[in-house]
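Student: Kindly generate the corresponding structure for this input.
(chains A and B)
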2 protein chains.
Amino acid sequence: MKNADYLIGVDLGGTAIKYGICNSDGTILKEFISDTKRDAPIDSMLRKIRESINDALRYANQEKIDILAIGLGTPGLVDINTGYLMGNAPNLKYWRSVPVRERLQSELTIPVFVDNDANAMAYGEFSFGAGKDLEDLICITLGTGIGGGIIIKGEMFRGSKYAGAELGHMSIHYNGKKCRCGGIGCWELYASATAMIENYLAKNPKVKSISPQEIFEQCKDGNEIAVQVVLDEVELTGAGLASLVNIFNPQRIIIGGGLSEAGQWFIDQIAEAVERRAVKDSFRSVEIVAAQLGNKAGWLGAAALAHQYYLFP
Amino acid sequence: MKNADYLIGVDLGGTAIKYGICNSDGTILKEFISDTKRDAPIDSMLRKIRESINDALRYANQEKIDILAIGLGTPGLVDINTGYLMGNAPNLKYWRSVPVRERLQSELTIPVFVDNDANAMAYGEFSFGAGKDLEDLICITLGTGIGGGIIIKGEMFRGSKYAGAELGHMSIHYNGKKCRCGGIGCWELYASATAMIENYLAKNPKVKSISPQEIFEQCKDGNEIAVQVVLDEVELTGAGLASLVNIFNPQRIIIGGGLSEAGQWFIDQIAEAVERRAVKDSFRSVEIVAAQLGNKAGWLGAAALAHQYYLFP
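Tutor: Sure, this is the predicted structure:
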């Protein structure tokens, strides 16, 4: 009856809510997307999430599918026992200190589970994607910031109070750039897609805006500035990953987020940079690969986490 | 019958082997120390270790004590399943690629367990010292290098192939000093006792050699150079620990090694530096304390690990 374990997953982002219905082996039944706003007040954000869940429930009802559990991934640190968003969410203006699960559960009978969005993405890749055959993984997303998720012995690692795995805020320069988190030299200030764009614009002040895709295209065409910016990105990503290799000695590192779509060459270059920088014994058996689930990883992972939580509350 | 679970622990270092007999609650029955040499060939090093174990066994025999298991902590990464020293040991010249357990076990009937020395130290503090009431800990030793041990949910975390927890080789400067490990900007190049001494000698070229203890004494007396060197040490230690807080969100960080004996003021200063740099939610509940077992932590921890391994092989 495994295929009867239907789940709803929801991935809350700054511009969109991605959600869908899948079963416990990751088969997608239906996918949805709706828009949201970074500066939506808490009540309006919760309403949007609830509407998304209702869309999915309506579909399930039509199709006569029973939903076991609902999972939500949200930016920000989440106390998974209570589903409480502890601090603020970097890209959502008013989304802070929200009892997310309590607010959603009050109108739903199906159990709701809430976790950090990077954890959900990592758990999605672990359950159904680039890490599904393994149990010790590090997942990072190179996007607006750098998100991170850690799987140890087949379990999501969150830290003692669910406030760990902030991999984007590992410092790669003790005396470097100041971060909005209060930290100094945070990795995401150097190696996120945002940082790559800033690096390009600083090197080429005539250009006022550019996308990572355009930078990679110019790089392929041999544009010197773009080549240098991509090589910087490789080196700075590799610097952070080498530390994670030395600390975790994982079986595999999975790279997701917008930049991971630049292709195998980019991933291979990063792997070489990590190999150069990491402790040899720590690196020896580590594989570095691209994520497989693209922007579905978040909602699929939220669904998989909800399933785990349903089975082992 | 808990007190009848007697164990031998051995801590191999560059200048001394510390060893002893304890029981499973950490009560010390007898302690020993013997000297060793950094440049001892493998066979002579193994002979020294075996002599140490024989000392302890002779004592146990006299006292009519049955030894359950023998634990050894050695510098370098160890495959704990086989007790094989994988790479080299930073401070021991010829001590590399040694089947340590196999060589020791071949002449002993009591089970032998071998692990990395920083893991043993961390497990000692976790079992009997500054972390004994908790289950999520990071231990670091500020000494010749920086050693690290990680306890997650009451278990030693070593990485998928036992080659993780190389905390001293986490980079705190992506473009910084080159390390003998091949890495760049490794934490121990900036914040170990060795680095602190180098910093002092660079700032005060008239002095040819100095100990950390002397630097701390000069600091107390208000010597400007010494004060600056200690503040640098605080900041650089804090930089690395802040990353570890953001990654692990542990319950407690335990600081051991020579520098940890500088007193509570030094520990408090480090805690303040970590608080300034870490993600607020990740730091909120973290305690930063000095180690409690001093230079007994290594052999006591090796004994405790051997006991665990004996009970759950």
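Student: Strands of the stretch 1-150 of chain A, start to end?
Tutor: Remark: strands assigned in the stretch 1-150 of chain A by DSSP state E, counting those that start in this stretch are A:6-12, A:16-23, A:28-35, A:67-74, A:78-79, A:84-89, A:92-98, A:112-116, A:137-142, A:146-152.
Student: Show me chain A divided up by domain.
Tutor: The record's domain parsing of chain A by automatic domain parsing lists A:2-123+A:295-311, A:133-292.
Student: Pipe the strands of the stretch 1-150 of chain A into TSV and attach mean neighbour count, distance to chain B and mean pLDDT per row.
Tutor: All C-beta atoms are positioned from the backbone trio N, CA, C, and that covers glycine. Shown next, in TSV, are the strands of the stretch 1-150 of chain A (neighbours: other Cβ atoms under 10 Å in any protein chain shown; distance: least, Cβ to the nearest Cβ, whole Å; pLDDT from 0 to 100):
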stretch	mean neighbour count	distance to chain B	mean pLDDT
strand A:6-12	28	18	98
strand A:16-23	22	24	97
strand A:28-35	14	28	97
strand A:67-74	26	14	98
strand A:78-79	24	10	96
strand A:84-89	20	5	90
strand A:92-98	18	11	95
strand A:112-116	28	11	98
strand A:137-142	29	9	97
strand A:146-152	27	7	97
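Student: Out of those strands, which gets nearest to A:Tyr123?
Tutor: Counting by Cβ to Cβ, A:Tyr123 lies closest to strand A:146-152 out of those; the figure is 6.7 Å.
Student: right, and the helix or strand after the closest one?
Tutor: Reading on from strand A:146-152 to the C-terminus, the next helix or strand found by DSSP states H and E is strand A:155-157.
Student: Which neighbours in the sheet does that following strand have, and how are they oriented?
Tutor: Strand partners for strand A:155-157, identified by DSSP bridges, are recorded as strand A:146-152 (antiparallel).
Student: Tell me the pLDDT of the residue nearest the centre of chain A.
Tutor: Centroid check for chain A by Cα atoms, centre = their mean gives A:Ala118 as the closest residue, at 3.1 Å. At A:Ala118, the model reports a pLDDT of 96.
Student: who touches the nearest residue to it once chain neighbours are set aside in this structure?
Tutor: Across the structure, with Cβ to Cβ, 6 or more residues apart in numbering or on different chains as the measure, the residue nearest A:Ala118 apart from its sequence neighbours is A:Gly147 (3.2 Å). By Cβ atoms under 8 Å, 6 or more residues apart in numbering or on different chains, the residues touching A:Gly147 are A:117-118, A:121, A:140-141, A:167-168, A:257.
Student: circling back: unless I'm mixing things up, the residue nearest to the centre of chain A is touching A:Gly148, no?
Tutor: Yes. Assessed by Cβ atoms under 8 Å, A:Ala118 is found in contact with A:Gly148 at 5.6 Å.
Student: Identify the contacts common to those two.
Tutor: Counting by Cβ under 8 Å, 6+ apart, the residues touching both A:Ala118 and A:Gly148 are A:139, A:141, A:165, A:167.
Student: residue ranges with poor pLDDT in chain A?
Tutor: Chain A contains residues with pLDDT under 70 at A:1-3.
Student: what number of residues lie near the nearest residue to A:Met86 once chain neighbours are set aside?
Tutor: Excluding the flanking residues, the one nearest A:Met86 by Cβ to Cβ, 6+ apart is A:Leu77, at 4.6 Å. The number of residues packed around A:Leu77, counting by other Cβ atoms under 10 Å in any protein chain shown, is 28.
Student: In terms of secondary structure, what does the longest helix along chain A contact?
Tutor: With residue count as the measure and DSSP state H as the assignment, chain A has helix A:224-248 as its longest helix. Secondary structure elements in contact with helix A:224-248, counted by 3 or more Cβ pairs under 8 Å, 6 or more residues apart in numbering or on different chains; DSSP states H and E, are strand A:137-142, strand A:146-152, helix A:188-191, helix A:193-203, helix A:212-220, strand A:252-256, helix A:264-277, helix A:280-283.
Student: hey, which of these is tucked in deepest?
Tutor: Using mean count of other Cβ atoms under 10 Å in any protein chain shown, the stretch among those with the greatest mean number of neighbours is strand A:137-142 (a mean of 29).
Student: how distant is that strand from the center of its chain?
Tutor: Averaging C-alpha positions (Cα atoms, centre = their mean, to the nearest Å) puts strand A:137-142 7 Å from its chain's average.
Student: Stretch A:224-231 too?
Tutor: Relative to where its chain is centred, stretch A:224-231 has its mean C-alpha point 26 Å off (Cα atoms, centre = their mean).
Student: Can you mark which positions in that stretch are buried?
Tutor: Of the residues in stretch A:224-231, those buried by neighbour count under the rule 16 or more other Cβ atoms under 10 Å in any protein chain shown are A:225-226, A:229-230.
Student: Next, give phi and psi for whichever residue of the stretch 201-313 of chain A sits closest to chain B.
Tutor: Nearest to chain B in the stretch 201-313 of chain A, going by Cβ to the nearest Cβ, is A:Asn249, at a distance of 2.6 Å. Backbone torsions of A:Asn249, given as degrees, to the nearest 10, read phi 40, psi 60.
Student: Next, count neighbours for it.
Tutor: Around A:Asn249 sit 28 other residues, with neighbours defined as other Cβ under 10 Å.
Student: I'd guessed it sits against B:Phe157; true?
Tutor: No. Counting by Cβ under 8 Å, no contact exists between A:Asn249 and B:Phe157, whose distance comes to 9.6 Å.
Student: what's the farthest-apart pair in the shared contacts of A:Ala118 and A:Gly148?
Tutor: Between all members of the shared contacts of A:Ala118 and A:Gly148, the longest pairwise span (Cβ to Cβ) is found for A:Thr141 and A:Ala165 and amounts to 12.0 Å.
Student: Need the residues touching each of these two.
Tutor: With contacts defined as Cβ under 8 Å, 6+ apart, the residues adjacent to both A:Thr141 and A:Ala165 are A:118, A:148.
Student: if we can go back for a sec, what touches both of A:Asn249 and B:Phe157?
Tutor: Taking Cβ under 8 Å, 6+ apart as the contact definition, A:Asn249 and B:Phe157 share the neighbouring residues B:164-165.
Student: circling back: how about JSON lines for the helices and strands packed on helix A:224-248, with distance to A:Glu102 added?
Tutor: As requested, the helices and strands packed on helix A:224-248 are arranged in JSON lines below (distance: least, Cβ to Cβ, whole Å):
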{"stretch": "strand A:137-142", "distance to A:Glu102": "28"}
{"stretch": "strand A:146-152", "distance to A:Glu102": "24"}
{"stretch": "helix A:188-191", "distance to A:Glu102": "30"}
{"stretch": "helix A:193-203", "distance to A:Glu102": "33"}
{"stretch": "helix A:212-220", "distance to A:Glu102": "38"}
{"stretch": "strand A:252-256", "distance to A:Glu102": "30"}
{"stretch": "helix A:264-277", "distance to A:Glu102": "41"}
{"stretch": "helix A:280-283", "distance to A:Glu102": "42"}
